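J.: What would the 3D arrangement of this be:
(chains A and B)
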Amino acid sequence: MPLPHGADLLTNLEWQPVPGARDLRIYPYLRKIDTISSNSFIIDGPDLIVCIDPGGLPDQADHLAGVIAEIREERPRPLLVILTHVHVDHSLQVMYHPAFQGGPGVIIGIQEKGARAVKGKDARLTFADLLGKDPGEISVGLPLLSEAYGCGVTAPPVNLLEGSFAVGGEPVRCQEIPLGGDEILRVYHTPGHSPDSICLNVRGILFLGDLIFAANPGFAGMVGWDQEDLIHSLEYAAIILEEGGIAVCCPGHGKPLTPTATRAILGKMASEAGTLTGIVEVSPAWARETAAYAENLVEMVNEVFTVLSGRLYLIAHVLEELEESGEAERLKGIIASEAIDRIIADFHEFSEEYRHGKRLDFHLTLKAGQIVQKLHHAFDPATLATVVDASLLRRADRLLSDYMTRFRGFTIRPDVESVDLNGLLREVLEHAGKSPWSGEAVIEAASTGERYLEALVSRIAHPPVFDDTRMAFTPGGGVPPVTTDPGRFSDLITCILEEFAGRDMEEILLTTTLSGEGVRVTIEAHRGRIDGFSDGKKIQFLREECRVLSGDFSVETVAGGARIAITLPLQQQP
Amino acid sequence: MEIKKTLNRGVTVLHVSGRVDTSAVPGLDLAIKDALAAGARRVLLDLREVVYISSGGLRILLSTAKKLASDNDRFGLYGLQTEVYKIFKLAGFTSIFSLFASEEDALAAWG
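T.: Just a heads-up that it's a prediction; the model follows:
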């Protein structure tokens, strides 16, 4: 749906004069940000009409075609359709809508590399494969900024009115297209987001395409994305702004921006882009894997945050019973539980649409990225650490960070060191579910009055999860050190122990053995609720966590229980 | 989420089904408040068909336990599915609430 109003800078869906130009008008079609379709703009020039990015939706293209037909009826002129790049959210309607497919009086202008991509119906460079579209062919009448022309600064204007679309002379970073009278459309080559990305300048209105989104997770690493080009293009756009004369900047998605705001975004993007060395390619396979990971992860996030919030509600409830309502209110406020519930419900709804085929893998990865960022804002581990279980907080924080690492195209790198596994497991078992305040310490605090409330809160915040479960550990003899991330591994084991205790297992038995080329940790639980265990998302998540640690993971059900085996290699690569 | 109310030997039983997520929490809150306003002092929640409960749902349950804390009041839950039970256990709610396997078990325990 179009925005009711684009911004103060431009009024959406209305003709308005281009500031400072006597004979130019602009008609913006601004949309909320999504991956389905871009913004579109029509420029009404004295001798030429320009439509920038007809977008990805038929309704949008119908609307634009209607507006263009009206002004051509008033005064017939050629229409130049320019794409800021050939991704299908900008170009699909040029492939399929009759008004934009080229023909008499309609010329399609695309940067040369994009022109080659659409001629060959390239599903990767047009992003059609990720967005589930069938790329059509575009007949490009005007390949822009051709490399064939060398390295000049400004190419001679293209005189469309005379029907000659060839650009002669020196090659270009910038090209000029006359619109009639004194008006010029400047085209700048700004690759990085894609090899064919361009920016356009009409009398101080700078059209940015997707340049300012190019360092964002999910977009950085797309086929055709190039870190070095992007950094250069961001700097180049900043230079264009510094030269002055720019009044409004129009991104390919979302509202127009002031030059000041744009400059700040370009700077931030350039810094971000500088960190993106070695990211993986955003491909359909990446989207599929990341979407699956996102689904499992959000399920885990949901569990961890519900437990965290539940514990805080429980503490507040008990404190209210003890007439400590001031402290109870304070604790209720240290996590935004209702906001977190809403965020998670939003993702669940989106996931349901995904499972029913209404959303694509790529959409789910983006949605999960939004969810994770929102949760980061709603959750302050430092404040919560004064109250709730450190392991739970660590896990919540890591879940969010891990997703962002993968979503940004990086590989999760565990913080490995040489670890005595038997010693580490003893430590995990000793601390599992226990408050840092022992019963004796609480009694002592009560008798002296000092820090009594803190001790009490801590005891309630560590519910007796393992009290009904017998836990035993049989360390294997001669188990050599392994190379692993002790923090991650401890949290993985704690997560498994809690899963079993939460299922009311009567006993949990841990063993370590030297097995082949690694050390095997077996966690076996008996006599509890085992339904839905071995095929659930929790298991998929644990398996993935184990993979991060370069470990093997297996699970099997045994009578009334389950056995998980994790094998860590003796010599792991860092 | 759906909630149906039945009365069994003086106990108001609210049969809840579906997801008790953020959009369903007000409905659960209202159903419980309505039951209390109608004079119910023995309330049992049937959670056999509940597949998910959010922290907001847990908050409503705690708030109900607080309202039904007099000597003759009763508040309990039965039929928790494993995933829901696990959340209760890990959040520490199993030590606060009366949990039963079935409606009959609850009624027998409450006399």
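
J.: Quick one: list the elements packing against the strand or helix carrying B:Val16.
T.: Counting by DSSP states H and E, the element that carries B:Val16 is strand B:11-20. Using 3 or more C-beta pairs under 8 Å, 6 or more residues apart in numbering or on different chains; DSSP states H and E, the elements in contact with strand B:11-20 are strand B:2-8, helix B:25-37, strand B:42-53, helix B:103-110. C-beta: built from backbone N, CA, C; applies to glycine.

J.: Could you dump those into JSON lines and include distance to chain A, mean neighbour count and mean pLDDT?
T.: Output for the helices and strands packed on strand B:11-20, formatted as JSON lines (distance: least, C-beta to the nearest C-beta, whole Å; neighbours: other C-beta atoms under 10 Å in any protein chain shown; pLDDT from 0 to 100):
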{"stretch": "strand B:2-8", "distance to chain A": "17", "mean neighbour count": "13", "mean pLDDT": "96"}
{"stretch": "helix B:25-37", "distance to chain A": "8", "mean neighbour count": "17", "mean pLDDT": "96"}
{"stretch": "strand B:42-53", "distance to chain A": "8", "mean neighbour count": "21", "mean pLDDT": "97"}
{"stretch": "helix B:103-110", "distance to chain A": "16", "mean neighbour count": "16", "mean pLDDT": "96"}
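
J.: For the ones you listed, please prepare a markdown table with the additional fields distance to B:Ser95.
T.: Output for these, formatted as a markdown table (distance: least, C-beta to C-beta, whole Å):
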| stretch | distance to B:Ser95 |
| --- | --- |
| strand B:2-8 | 26 |
| helix B:25-37 | 21 |
| strand B:42-53 | 17 |
| helix B:103-110 | 16 |
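
J.: How about the contacts made by A:Ile184?
T.: If a contact means C-beta atoms under 8 Å, 6 or more residues apart in numbering or on different chains, then A:Ile184 has A:157, A:176-178, A:202 as its contacts.

J.: Would you point out the most distant pair within these?
T.: Greatest spacing in those, by C-beta to C-beta: A:Pro157 and A:Val202 (14.0 Å).

J.: quick one, which of those two is more surrounded?
T.: A:Val202 (23 against 13; other C-beta atoms under 10 Å in any protein chain shown).

J.: Bridged to the residue nearest the centre of chain B, which residues?
T.: When C-alpha atoms, centre = their mean is applied to chain B, the residue found nearest the centroid is B:Leu45 (3.2 Å). Beta bridges link B:Leu45 to B:Leu14, B:Leu77 when assigned by DSSP bridges.

J.: check contacts around it.
T.: By C-beta under 8 Å, 6+ apart, the residues touching B:Leu45 are B:13-14, B:16, B:61, B:76-78.

J.: Just name the closest of those residues to A:Gly141, please.
T.: Distances from A:Gly141 to those, taken by C-beta to C-beta, are shortest for B:Val16, at 64.0 Å.

J.: Name the spans of the stretch 401-550 of chain A whose pLDDT lies under the cut-off.
T.: Low-confidence segments of the stretch 401-550 of chain A, defined by pLDDT under 70: A:450.

J.: Tell me which residues touch whatever residue of it ends up closest to chain B, please.
T.: For the stretch 401-550 of chain A, the residue closest to chain B is A:Pro463, as judged by C-beta to the nearest C-beta, at 2.7 Å. Shown in contact with A:Pro463 (C-beta under 8 Å, 6+ apart): A:311, A:314, A:433, B:89-92, B:95.

J.: Does it lie in a helix or a strand, and which?
T.: Counting by DSSP H and E, A:Pro463 is part of no helix or strand.

J.: Next, give phi and psi for it.
T.: The phi and psi values for A:Pro463, taken as degrees, to the nearest 10, are phi -60, psi 160.

J.: Would you mind listing what in the stretch 401-550 of chain A touches chain B?
T.: Contact residues, the stretch 401-550 of chain A versus chain B (C-beta under 8 Å from any C-beta of the partner chain): A:460, A:463-465, A:498-499, A:501-504, A:529, A:531-532.

J.: Weed out the non-buried ones from the residues you listed.
T.: A:460, A:463-465, A:498-499, A:501-504, A:529 (16 or more other C-beta atoms under 10 Å in any protein chain shown).

J.: Sort out which of these are in strands and list them.
T.: Using DSSP state E, no member of those sits in strands.

J.: Just send the residues you listed back as TSV, with distance to A:Arg547 too.
T.: Shown next, in TSV, are these (distance: C-beta to C-beta, whole Å):
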residue	distance to A:Arg547
A:Ile460	36
A:Pro463	31
A:Pro464	33
A:Val465	27
A:Glu498	20
A:Glu499	18
A:Ala501	24
A:Gly502	23
A:Arg503	24
A:Asp504	29
A:Arg529	27
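
J.: List the ones among those that fall in helices.
T.: Among these, the members falling in helices (DSSP state H) are A:460, A:498-499, A:501-502.

J.: Among those, which one sits closest to A:Pro54?
T.: A:Glu499 (51.8 Å).

J.: For residue 101, grab the count of nearby residues.
T.: The chain I'm using is chain A. 17.

J.: Can you look at chain B instead?
T.: With other C-beta under 10 Å as criterion, B:Ala101 counts 10.

J.: Surely it is in contact with B:Gly76?
T.: No. In terms of C-beta atoms under 8 Å, B:Ala101 does not count as a neighbour of B:Gly76; the distance is 11.2 Å.

J.: any shared contact partners between those two?
T.: Here B:Ala101 and B:Gly76 have no joint contacts, going by C-beta under 8 Å, 6+ apart.

J.: which one in chain A is furthest away from the centre?
T.: Chain A, farthest from centre, C-alpha atoms, centre = their mean: A:Ser447 at 52.2 Å.

J.: a strand runs through A:His232, doesn't it?
T.: No. Read with DSSP: H, G, I helix; E, B strand; the rest coil, A:His232 is helix and lies in no strand.
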